[in-house]
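Student: Fold the following.
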Amino acid sequence: MTSETSLDEDGAVAPPGRQRPPGDRVALRGDLRSALPDATAAVMVTSLVFALLWARMESGTSDTVAIMPFMDDAGTYWMYLLSQAFGWSGLLWAWGTVMLGLLLSGPRPARLPVSRQVLERWHRTTSLTTMALMFAHALMFSAELVRYETKVDWAERLWVGFADSFVPGWYDSGTGRIAIPIGQGALYLAIPLGLLFYVRHRIGANTWRRLHRFVIVVYVLSVWHTLLYGTNVWYGEWPRTVLWLLQLPVAALLLLRLLRPARRAERLRSPSEGAARPGWWVRAAGRVVAGAVAIGLVIVVVSGRDGGRDRPTHPPATAPHTPATDRWPPPGVPPALPVGEDRPRQARRPEKAGANPAR
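Tutor: Here you go, the predicted model:
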């Protein structure tokens, strides 16, 4: 006999007559339709960011050009600028969907401007939009690399663009050796974790819930990728400070969600109250780590020590270095970047050996 009760999305028992329809399989189509206004807004924001980046490059105030002077041509490197724009709007949407998720899974606010069902729908649609923006960011980055590789045939150009953008560990130049795999990890985790919601009737609500917690890892990887590789926040100036500031409410909501979860089963009960000792230690450690992260973010923002680089007093070298020597930069050229940053890939990009556009 089938029970007349079921679990809602929070794991609580739903009263008879309020079961969710078994057709969660059709929810993806419905959410895709609901995501159209959200996606339209994302495209508009991306367009505005693209226009801003273009204007800064044309006016000579672009940080990207300050780091890679040979890119001082918006008409040529427009695909790279579009990749940057998709990346920034994707990070903004990721921030929004994570904030919504933490709000829904933490203490229930006494008053909400909209119903909980609306917030849940917003959380799902912004997640779908975020995945699309992340993929577009990587795709335009790949397209820029294909355009850049002019010394090889089209088949190799397509492979190089795809491998450098989508194959972890393939990109082998400068900071990208670390930053690009981090971004790829965020993308490859975001897609399955975001879509698992639509098959939770098959894998079970508890399994889905455990896996869904790793969405915060996707967000952390996305921010880390940006701090390492975003030329617009490369220097220790206000854009980088703002990016750090935006993480404070995320950390605060995460800590509050851990300390006061909406589900009773996730509350931190002492072992004397029947809680399993290993699980208690894991949950307690998670709360300590979240608190330490929140404190660390406050220290970073207040102290201004946010990992940003100092602006170089001399522009980076743009001329190819002599193949006969492995020294970088070439003799007589002052180093503009920290040691290990952006050694050129001689065999692949000889015409632009002084810098790498792939940021």
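Student: pLDDT weak spots in the chain?
Tutor: In the prediction, the chain carries residues with pLDDT under 70 at positions 1-26, 262-280, 314-359.
Student: Residue 116 contacts residue 104, doesn't it?
Tutor: Yes - using CB atoms under 8 Å, residue 116 is in contact with residue 104, at 7.2 Å. For every residue, glycine as well, the C-beta is placed using N, CA and C.
Student: what about these two, which has more around it?
Tutor: residue 104 (17 against 14; other CB atoms under 10 Å).
Student: Kindly indicate whether the more buried one is helix, strand or coil.
Tutor: Per DSSP: H, G, I helix; E, B strand; the rest coil, the local secondary structure of residue 104 is helix.
Student: And the one 4 residues further on, by the same measure?
Tutor: Each residue gets one of three states, and residue 108 gets coil by three-state DSSP.
Student: Torsion angles phi and psi at it?
Tutor: Backbone torsions for residue 108, taken as degrees, to the nearest 10, come to phi -70, psi 120.
Student: Return the list of helices and strands in contact with the helix or strand containing residue 283.
Tutor: Assigning secondary structure by DSSP states H and E places residue 283 in helix 277-303. Applying 3 or more CB pairs under 8 Å, 6 or more residues apart in numbering; DSSP states H and E, we find helix 277-303 packed against helix 238-245, helix 247-259.
Student: and residue 74, which of these is closest to it?
Tutor: When the helices and strands packed on helix 277-303 are compared by CB to CB, helix 238-245 sits nearest residue 74, at 19.0 Å.
Student: So what touches that closest one?
Tutor: Applying CB atoms under 8 Å, 6 or more residues apart in numbering, the external contacts of helix 238-245 come out as 63, 223, 226-227, 232-234, 297, 300-301, 304, 306-308.
Student: List buried residues within those.
Tutor: For these, a burial check counting by 16 or more other CB atoms under 10 Å picks out 63, 223, 226-227, 232-234, 297, 300-301, 306, 308.
Student: ok so, going back, dump the helices and strands packed on helix 277-303 into TSV; add mean neighbour count and distance to residue 74 as well.
Tutor: Listed next are the helices and strands packed on helix 277-303 as TSV, based on neighbours: other CB atoms under 10 Å; distance: least, CB to CB, whole Å:
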stretch	mean neighbour count	distance to residue 74
helix 238-245	16	19
helix 247-259	19	30
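Student: all helices for the stretch 1-150 of the chain, in order.
Tutor: For the stretch 1-150 of the chain, the helices defined by DSSP state H, counting those that start in this stretch occupy 27-59, 63-67, 78-105, 116-148.
Student: highest average neighbour count across those helices?
Tutor: Stretch with highest mean neighbour count among the helices of the stretch 1-150 of the chain: helix 78-105 (a mean of 23; mean count of other CB atoms under 10 Å).
Student: Tell me, how many residues neighbour residue 185?
Tutor: Applying other CB under 10 Å, we find 17 residues neighbouring residue 185.
Student: Check the offset of the one helix or strand it maps to from the chain's centre.
Tutor: Per DSSP H and E, residue 185 falls inside helix 176-195. With CA atoms, centre = their mean, to the nearest Å as the basis, helix 176-195 stands 8 Å off its chain's centre.
Student: on that earlier part again, between the helices of the stretch 1-150 of the chain, which one is closest to residue 256.
Tutor: Closest to residue 256 of the helices of the stretch 1-150 of the chain, according to CB to CB: helix 78-105, at 7.9 Å.
Student: What is that closest one packed up against?
Tutor: Helix 78-105 packs on helix 27-59, helix 116-148, helix 215-229, helix 247-259, going by 3+ CB pairs under 8 Å, 6+ apart.
Student: got a markdown table for those helices, with distance to residue 79 too?
Tutor: Shown next, in a markdown table, are the helices and strands packed on helix 78-105 (distance: least, CB to CB, whole Å):
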| stretch | distance to residue 79 |
| --- | --- |
| helix 27-59 | 11 |
| helix 116-148 | 4 |
| helix 215-229 | 17 |
| helix 247-259 | 29 |
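Student: Tell me which residues touch residue 164, please.
Tutor: 142, 145, 170-171, 180, 358.
Student: Mind listing what's buried along the helix holding residue 283?
Tutor: Result for helix 277-303 [16+ other CB under 10 Å]: buried residues 283, 290, 293-294, 297, 300-301.
Student: So what touches stretch 293-313?
Tutor: Stretch 293-313 is contacted by residues 66, 227, 233-237, 240-241, 244-245, 247-248, 251-252, 254-255, 334, 336-338 when judged by CB under 8 Å, 6+ apart.
Student: tell me the contacts of the residue positioned nearest the centre of the chain?
Tutor: With distances taken as CA atoms, centre = their mean, the residue of the chain nearest its centroid is residue 222 (2.4 Å). The contact partners of residue 222, by CB under 8 Å, 6+ apart, come to 90-91, 94, 134, 183, 186.
Student: Sweet, I'm off.
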